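K.L.:
Generate coordinates for the sequence data below:
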Amino acid sequence: MTPTHSEVLDVGTPEGTGRLFLDVADQPTATLVLGHGAGGGVTAADLELLARRLPPLGVTVVRFEQPWRTAGGRVAVPPPRLDVGWRAAVTHLLDQTPPTGRLYFGGRSAGARVACRTANDFGVAGVVCLAFPLHLPGRPEKSRLGELLTPSAPRLVLQGTKDTFGGADELEAAVGESGGVTVVALPGADHSFRTAKAAPFTPADVRASLFAEVAAFVLT
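P.N.:
Okay, here's the model as predicted:
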């Protein structure tokens, strides 16, 4: 099974031109809008996996390429400017092609932070965080936990146990008794969801776990 269609749309924002990559489901029941990380783009393996496999289940996936990336930049702009680009792109999407069913935000790393910071403004049904960067490597005192706790909607966090930006155990401890956050550990995975060659939890296991968890989250 394949999505009804896929297309790429340029979208103007105050930060410049970005791109929307749409993989549209046949008779969608939900739409998941995803942002990419500060060091990569919409072709990250986990984002592409969701864009390929969720539409046949009735979930339209929209990946937003930030203007700095569209322009060929290698380093992301500061977080407030990421939010400006994201807000403009999502507003354009909702105005031009209103999603059918529930609206979810999500993203990888920096994209997850943007999704969390802006979720309440768009009334999303939930937020999917792929490798939420709790802090910079070696700088646990500079926590970004407040961003993860900002949305009023449920949050699903897929986190590697070897993530130097904050492993799954560290993230769970930081979240503590705060409601609405579900942390799913990916054993042996790093911030990019890579695992060691000899690790018992293989890349295929990572992909299977990630897809199953996200699909259950957005289809409930």
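K.L.:
okay, which residue is most central for this protein?
P.N.:
Ranked by distance to the mean C-alpha position of the chain (CA atoms, centre = their mean), the top residue is G107 at 1.3 Å.
K.L.:
isn't there a strand covering that one?
P.N.:
Yes - counting by DSSP: H, G, I helix; E, B strand; the rest coil, G107 is found in a strand.
K.L.:
Give me the phi and psi for the residue of the chain most remote from its centre.
P.N.:
Distance from the C-alpha centroid of the chain, by CA atoms, centre = their mean, peaks at A198 (27.9 Å). Backbone geometry at A198, expressed as degrees, to the nearest 10, gives phi -90, psi 0.
K.L.:
Contacts only, for A30.
P.N.:
Going by CB atoms under 8 Å, 6 or more residues apart in numbering, A30 touches 58-60, 99, 101-104, 125, 218-219. Just so you know, the C-beta spots here come from the backbone N, C-alpha and C atoms, and that holds for glycine as well.
K.L.:
ok, now with 7 Å
P.N.:
Contact partners of A30, counting by CB atoms under 7 Å, 6 or more residues apart in numbering, are 59, 101-102, 104, 218.
K.L.:
Same question for G58.
P.N.:
25, 27-29.
K.L.:
I'd say L34 and Q66 touch.
P.N.:
No - in this structure L34 lies outside contact range of Q66 using CB atoms under 7 Å: 11.7 Å.
K.L.:
More neighbours: which of the two?
P.N.:
Q66 (30 against 25; other CB atoms under 10 Å).
K.L.:
what sits against the more buried one?
P.N.:
For Q66, the contact set (CB under 7 Å, 6+ apart) comprises 18, 36, 82, 85.
K.L.:
And the buried ones among these, selectable in ChimeraX?
P.N.:
In ChimeraX syntax, the buried subset of the contacts of Q66 is picked out as below (16 or more other CB atoms under 10 Å):
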select :18,36,82,85
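K.L.:
wait, which of the contacts of Q66 is closest to G167?
P.N.:
Checking the contacts of Q66 against G167 by CB to CB gives H36 as the nearest, at 21.7 Å.
K.L.:
does the closest one really touch E48, like I thought?
P.N.:
No - with contact defined as CB under 7 Å, H36 does not count as touching E48 (10.6 Å).
K.L.:
Need the per-residue pLDDT for the residue farthest from the centre of the chain.
P.N.:
Looking at A198, its pLDDT reads 86.
K.L.:
gap between it and G188?
P.N.:
Distance from A198 to G188, counting by CB to CB, to the nearest Å: 10 Å.
K.L.:
for R102, same thing?
P.N.:
For R102 relative to G188 (CB to CB), the value is 32 Å.
K.L.:
T91 too?
P.N.:
Distance, T91 to G188, by CB to CB: 39 Å.
K.L.:
Have a look at those two and say which one is more surrounded.
P.N.:
G188 (19 against 14).
K.L.:
what helix or strand does the residue lying closest to the more buried one once chain neighbours are set aside sit in?
P.N.:
Excluding the flanking residues, the one nearest G188 by CB to CB, 6 or more residues apart in numbering is A199, at 4.1 Å. According to DSSP states H and E, A199 maps onto no helix or strand at all.
K.L.:
Please work out how many residues are found near A199.
P.N.:
Other residues near A199 come to 15 when the count uses other CB under 10 Å.
K.L.:
That one contacts A189, doesn't it?
P.N.:
No - the pair A199 / A189 is not scored as a contact, 8.5 Å apart, by CB under 7 Å.
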